[in-house]
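Student: All I have is the shape, not the residue letters:
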């Protein structure tokens, strides 16, 4: 069965100009598929985090073209891009960026309240469902600041999932976690791709984490040097 392409780049290029002109990404072309767990690896300075920022539609100053679910993203205005992000993309970072004084439940609900597609009651129910899947339902009403680092990262994953986005983009999602919690996050990601058909694109320095993903793309000096790396 032919797999559906959920994200595609065509000859992405990116320059930095300070202190001198420098090409940080050069001719980046690849496809990501529905339900795929894809990792981006490379040494510091290889361009992988810069690429993720472009893929997430946050950076619009680049050469080439970006497509998400067959829609051309390149050239769209700021308001459209914000709507595309809120609908199609969830974010998980190394630092969870939770509002510490808010409960876990409220933190998770924020993107869905912003989207405005469902009632508050429906969003709350969906948030509880996500927390149950992630094993943190019993922490729902606790302030985020009272949770362990591993629990906080699971709350951030639930927040990323709340709008049922097509793609979850992750920047070093296990960078601050011990090996036990890294394994928990990895298992969650595998479950998301398998059970819900969502695509994970994760930048990582953790080669064990990358090795266990479906496919790895390796970057060096702003170029893809290995497109289907099996570690």
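Tutor: That came through, no problem. Bear in mind the structure is a predicted one, so any value in this text is a computation, not a measurement.
Student: ok now do residue 170, which residues does it touch?
Tutor: 91-93, 189, 200-204 (C-beta atoms under 8 Å, 6 or more residues apart in numbering). No exception for glycine: its C-beta is placed from N, CA and C like everyone else's.
Student: Next up, identify which helix or strand it is on.
Tutor: Using DSSP states H and E, residue 170 sits within strand 167-171.
Student: go on, residue 124?
Tutor: Using DSSP H and E, the element containing residue 124 is helix 120-133.
Student: ok, now residue 30?
Tutor: Per DSSP H and E: residue 30 is located in strand 22-33.
Student: repeat for residue 109
Tutor: Going by DSSP H and E, residue 109 is in helix 104-115.
Student: which residues touch that helix?
Tutor: 86-87, 90, 98-99, 118, 120, 123-124, 126-128, 130-131, 136, 139-142, 144, 147, 155-156, 158-160, 162-163.
Student: at 7 Å what do you get?
Tutor: Applying C-beta atoms under 7 Å, 6 or more residues apart in numbering, the external contacts of helix 104-115 come out as 86-87, 98-99, 118, 123-124, 126-127, 130-131, 136, 139-142, 144, 147, 155, 158-159, 162-163.
Student: where's that helix relative to the chain centroid, distance-wise?
Tutor: 17 Å (C-alpha atoms, centre = their mean, to the nearest Å).
Student: repeat for stretch 98-118
Tutor: A distance of 17 Å separates the centroid of the chain from that of stretch 98-118, by C-alpha atoms, centre = their mean.
Student: 829 is where my numbering starts, stick with that
Tutor: Shifting the count to begin at 829 puts that one at stretch 926-946.
Student: what comes up buried for that stretch?
Tutor: For stretch 926-946, the buried set under the neighbour-count rule, 16 or more other C-beta atoms under 10 Å, comprises 926, 931-940.
Student: Which pLDDT value belongs to the nearest residue to residue 854 once chain neighbours are set aside?
Tutor: In space, not counting the residues next to it along the chain, residue 854 is nearest to residue 1050; the distance is 4.7 Å by C-beta to C-beta, 6 or more residues apart in numbering. Per-residue pLDDT puts residue 1050 at 94.
Student: Count the residues that sit near residue 1050.
Tutor: Number of residues near residue 1050 (other C-beta atoms under 10 Å) recorded here: 23.
Student: Could you do the one 4 residues further on as well?
Tutor: When counting by other C-beta under 10 Å, one arrives at 14 neighbours for residue 1054.
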